[in-house]
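**Student:** everything below, folded, please.
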Amino acid sequence: MKRHSADSSSVAFARLISESSLKKLAGERYFVRGLAYFREGAVERLVSNGGRVTARVAGTDVYTVKLWRDGRNLDWSCTCPLGQDGEFCKHLVATGLAWLAAGADGKGAQISSEVGAIRKFLEASDKQALVDILTERACEDEELAERLLLAAQRQGACDPGTIEEAVRRAFASNGFVGYREMPKVAARAAAAPELLRELLKRGNTKATAELATDAMERGLKLLERSDDSDGRLGEVLGEVAAVRLAAIRKNALTPVELAKNLFDLQLADGIGFFSLEEHLPALGKEGLAAYRGLAQAEWRKIPSRGPESRKDGDDGPRDQLTEILKTLARMDNDTDALVDTLRRDLAQPYTYLEIAQALSQANRHDEALHWAEAGRSAFKGRLNVPLDDFLVAEYHRRKRHDDAVALRWSRFLENRSLHAYQQLKPAASRAKNWPAWREKALVSLRRPDPRGSRANHAISWIESNTSVLVQVLLWEGDAVAALEAARAGGCGTHLWLQLAGALEADHADEAIAIYQNCIDPIVGRTGNQAYDQAADLLRRIRGLMAHAGRSGEFAAYLQALRIEHKAKRNFIQRLEAVAAEKSDNSKSPPS
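**Tutor:** Below you'll find the model as predicted:
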């Protein structure tokens, strides 16, 4: 939930809401819409009670809106889709403006008149009647039930069984929870850590640890079936994990119980809420031995996998167990145990790199080189930059510079790119043979592209040899050679723009021509973003023409564009804005 902080810790609710604060929270767009809602009388049943304002706002549907003060902060909620995402929506703006208007024109007392009548009724009512009313309402209102349950827990009126039921309800779900539903689900789950914290405060450490474990198990299952892109549920689970750890540190479980508790949670945890290191003090030697025994017993059930067994999707317990065994091996400083763990799953080239790095750190360089070369051989043709980087560094360490260059060259041929070229240069330089390798690479890029027309397609993710050649020459600072290459083989609009930027200082006429050639393709994409980019290019053209003494040409050029693109009103608006501006040569080249 977003918050707006005030300067004083004792700030009044009235100082948290103003037109400027509403505009800041909502942004110009939603503020204007909220203002329209307010003026149209869309705010209904506005109720103010101390530091809390509620209302119903009629829009596409009727939404429930709440604004309240929490210490120095203004908090809010709205049942519209945007509000459920935690945003300060137009309905919140309308409610805030209605509250301001009611206070400003002297009608503030009318806002809370219903609350006043209710208060008088409650004060005169029989206690049992109030109990019946609240109990009945709590059966229908989940939010009220959670607030009352937390209040009861603070008074010590809840036993662990009641909290267990509340935790189970907090993480209940039917099927997949989508992004739009998640705020509501996460808000319901947020009651769990509060209840558990209160239970721990009352000294029920064992019950807290057990209930927090149950909450985590349920929460992790819910997380697997949810779109928690914003991390709302993950944040709640982090709080539950913290309460559980606090109980563990108070010796809530025996070492052996804790070993089983932690191991089971880690197997279910694909996120990383639990670590062995933070549990070591509570585990002690006895607990750690039990934990190690559980891990080794389960590990024996996991079959080995070689490079021919391609990893597909989430491996669940295998991944978690691997991390557990790796942690134990590193704690023991046992390189052999670490290698034995890693070599059980060689379905990814990265595993070979991990093994090579572990052996290298143990100064077992020959074994490290063997594993790195084996990994590259097993996954030949599959790009794995870190593994290549390791091999190149190891070859250089051994003064085998030609081998390092050969590896970089083979990657360049497999994946011609500016990055591959840039990696080739330092390797060849250490071999004291960069000029020859540079020429070889440039010759390779000037040849017809073996990948065919697909590489020359404007929207292909594969760049043509010519495009790579242009990038290389620009990187080396030779804009004229890059221009010749682009003219000979063609390249994408983005590279033409980079070329023009590089040519501006010494070859302004060439830059102007390139920018002018790019205008039509950009405007042809349509849309305001394209039109904005075209307008920036026009400013650049105007500045370059002025600098080159060609200012008289610019007006005629704009007129030609007006005629050609007269049907594109939004572009014409931007064109006229450019025409009304004064020349500015200070703008940097567009990208």
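**Student:** can you map out the helices along the stretch 251-400 of the chain?
**Tutor:** 255-268, 280-299, 317-331, 335-342, 349-361, 365-378, 385-397 (DSSP state H, counting those that start in this stretch).
**Student:** mind listing what's buried along the last one?
**Tutor:** Okay, so that is helix 385-397. Neighbour-count burial for helix 385-397, counted by 16 or more other CB atoms under 10 Å, picks out 387-388, 390-392, 394-396. The way it works is simple: take the backbone N, C-alpha and C, and place the C-beta from them, glycine included.
**Student:** before we move on, back to that, reformat the helices of the stretch 251-400 of the chain as CSV; add mean pLDDT.
**Tutor:** Formatted as CSV, the helices of the stretch 251-400 of the chain follow (pLDDT from 0 to 100):
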stretch, mean pLDDT
helix 255-268, 96
helix 280-299, 96
helix 317-331, 94
helix 335-342, 97
helix 349-361, 96
helix 365-378, 96
helix 385-397, 95
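**Student:** among those, which is nearest residue 419?
**Tutor:** With CB to CB, the closest approach to residue 419 among these belongs to helix 385-397: 8.7 Å.
**Student:** circling back: as CSV, the helices of the stretch 251-400 of the chain with distance to residue 69 would be great.
**Tutor:** Formatted as CSV, the helices of the stretch 251-400 of the chain follow (distance: least, CB to CB, whole Å):
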stretch, distance to residue 69
helix 255-268, 38
helix 280-299, 40
helix 317-331, 44
helix 335-342, 54
helix 349-361, 51
helix 365-378, 59
helix 385-397, 52
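**Student:** how about those, which one is nearest residue 515?
**Tutor:** Nearest to residue 515, of the helices of the stretch 251-400 of the chain and by CB to CB, is helix 385-397 at 35.5 Å.
**Student:** relative to helix 385-397, how tilted is whatever helix or strand comes next after that closest one?
**Tutor:** Counting by DSSP states H and E, the next helix or strand C-terminal to helix 385-397 is helix 401-414. Using axes from the mean of the first three to the mean of the last three CA atoms, to 10 degrees, the inter-axis angle of helix 401-414 relative to helix 385-397 is 150 degrees.
**Student:** counting neighbours, what do you get for residue 134?
**Tutor:** 14 (other CB atoms under 10 Å).
**Student:** sorry, that was for residue 46
**Tutor:** Residue 46 has 22 neighbours, counted by other CB under 10 Å.
**Student:** and if you look at the one 3 residues further on?
**Tutor:** Other residues near residue 49 number 15, with proximity taken as other CB under 10 Å.
**Student:** per-residue pLDDT, it?
**Tutor:** Looking at residue 49, its pLDDT is 73.
**Student:** can you tell me how far it is from residue 22?
**Tutor:** Counting by CB to CB, to the nearest Å, the gap from residue 49 to residue 22 is 20 Å.
**Student:** right, so of the helices of the stretch 251-400 of the chain, which gets closest to residue 506?
**Tutor:** Per CB to CB, nearest to residue 506 of the helices of the stretch 251-400 of the chain: helix 385-397, 36.0 Å.
**Student:** let me see the contact set for residue 571.
**Tutor:** With contact set as CB atoms under 8 Å, 6 or more residues apart in numbering, residue 571 has these partners: 523, 531, 534, 565.
**Student:** taking those residues one by one, which sit in strands?
**Tutor:** Residues of those located in strands (DSSP state E): none.
**Student:** now rank the residues you listed by neighbours and give me the top one.
**Tutor:** Most surrounded of those: other CB under 10 Å gives residue 534, at 26 neighbours.
**Student:** which residues touch that residue?
**Tutor:** With CB under 8 Å, 6+ apart, residue 534 has these contacts: 519, 522-523, 571, 574.
**Student:** between the residues you listed, which is nearest residue 550?
**Tutor:** residue 519 (16.4 Å).
**Student:** and that closest one, what element?
**Tutor:** helix 508-524.
**Student:** so which other helices or strands are in contact with that helix?
**Tutor:** Applying 3 or more CB pairs under 8 Å, 6 or more residues apart in numbering; DSSP states H and E, one finds that helix 508-524 contacts helix 493-503, helix 528-547, helix 551-564.
**Student:** Throw these into a markdown table and include mean pLDDT, thanks.
**Tutor:** Converted to a markdown table, those look like this (pLDDT from 0 to 100):
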| stretch | mean pLDDT |
| --- | --- |
| helix 493-503 | 94 |
| helix 528-547 | 94 |
| helix 551-564 | 94 |
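**Student:** so which of those is nearest residue 103?
**Tutor:** Among those, helix 528-547 sits nearest to residue 103 (CB to CB), with 40.0 Å.
**Student:** tell me which residues of that closest one are tucked away?
**Tutor:** 530-531, 533-545.
**Student:** next helix or strand past the lengthiest strand in the chain?
**Tutor:** With secondary structure taken from DSSP E, the chain has its longest strand at strand 62-70. Using DSSP H and E, the helix or strand that directly follows strand 62-70 along the chain is strand 73-78.
**Student:** can I get that next one as CSV, trimmed to CA atoms?
**Tutor:** Extracted in CSV, the C-alpha atoms of strand 73-78 (Å, rounded to 0.1, in the frame of the first residue of the first chain):
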residue,chain,number,x,y,z
ASN,A,73,0.6,8.6,7.1
LEU,A,74,-2.4,8.7,4.9
ASP,A,75,-3.6,5.3,3.9
TRP,A,76,-6.3,4.4,1.5
SER,A,77,-8.3,1.7,-0.3
CYS,A,78,-10.8,1.5,-3.1
